[in-house]
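Engineer: sequence and computational prediction follow.
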Amino acid sequence: MEVSWTGEEGAAVNEPAETEVLNAHGALLRTKPHFPIPLLIKLRCQRTGMSTEARVVGFQEPSPEGMLRMAVELSSPSQSFWGLTIPFNEPGRIPRRHPRVRLVVQVESRTSGSVSLGRTENISVGGLLVHSPETFDPGTEVLARFNLPGAGAIEAEGRVVHSVPGVRMGIAFLKLDPSQQKAIEQFVQQACE
């Protein structure tokens, strides 16, 4: 695997990378750190000879070995890019109860002793997906604050239901003001039309 992008001064940056985890939508890669890392990069898979654009959705600071872990999302899901047979829907995965729609806004997730600042990726009436270098463990109760376009400030009590440490976490809403729940329902419905 090779990761490439154009550096600050216009020079091409090309680095080998290893995949730790992958699926049809993206991967978790290990590579040498080069800062700053842009949001859009190019991936080239030596196995298939294919190239594609990807979006950096998170990363962890370099490890003691000097390697950076970078989470990337392919510009379009692909079953063939990695040279493996990858199903889009993993067997045994429970379908979502609520439709999710794209929402990219800043979010603050607060516990009794910590604060995580990040950005949302999507939202449903059941919760939201947050990208942040400061994630909480599953089961942690949080207070999430963010602005919903057309509705203003939302403050919701929630619980972390899944987490990729230092990358992202899924928060399920536990308690929402009825007017805020209605605003989220309308936002999702309009985005689905």
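Structural biologist: Received it, and whenever you're ready, just let me know what you need. Numbering: from 1, shown residues only.
Engineer: spell out the secondary structure type for residue 33.
Structural biologist: coil (DSSP: H, G, I helix; E, B strand; the rest coil).
Engineer: the residue nearest to it when sequence neighbours are not counted: neighbouring residues, count only.
Structural biologist: Leaving aside its sequence neighbours, residue 33 sits nearest to residue 68 (C-beta to C-beta, 6 or more residues apart in numbering; 4.1 Å). Where C-beta positions appear, they are placed from N, C-alpha and C, glycine not excepted. Neighbour count for residue 68, taken as other C-beta atoms under 10 Å: 19.
Engineer: quick check: buried residues in stretch 51-66?
Structural biologist: Within stretch 51-66, the residues that count as buried by 16 or more other C-beta atoms under 10 Å are 54, 56-60.
Engineer: and if you look at stretch 116-125?
Structural biologist: In stretch 116-125, counting by 16+ other C-beta under 10 Å, buried: 116, 118-125.
Engineer: closest to residue 8 out of these?
Structural biologist: Distance to residue 8, by C-beta to C-beta, is smallest for residue 119 among the buried residues of stretch 116-125, at 22.5 Å.
Engineer: for the closest residue to residue 145 other than its chain neighbours, helix, strand, or coil?
Structural biologist: Spatial nearest neighbour of residue 145, chain neighbours left out: residue 108 (4.6 Å); criterion: C-beta to C-beta, 6+ apart. Under three-state DSSP, residue 108 falls in the strand class.
Engineer: ok, residue 108 - contacts?
Structural biologist: Residues near residue 108 by C-beta atoms under 8 Å, 6 or more residues apart in numbering: 115-117, 144-146.
Engineer: list the residues that contact the residue nearest to residue 33.
Structural biologist: Per C-beta under 8 Å, 6+ apart, neighbours of residue 68: 30-33, 59-62.
Engineer: need those residues in CSV (columns: distance to residue 150).
Structural biologist: As requested, the contacts of residue 68 are exported to CSV (distance: C-beta to C-beta, whole Å):
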residue, distance to residue 150
30, 41
31, 39
32, 43
33, 39
59, 32
60, 35
61, 37
62, 40
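Engineer: from these, pick the one nearest residue 151.
Structural biologist: residue 59 (31.3 Å).
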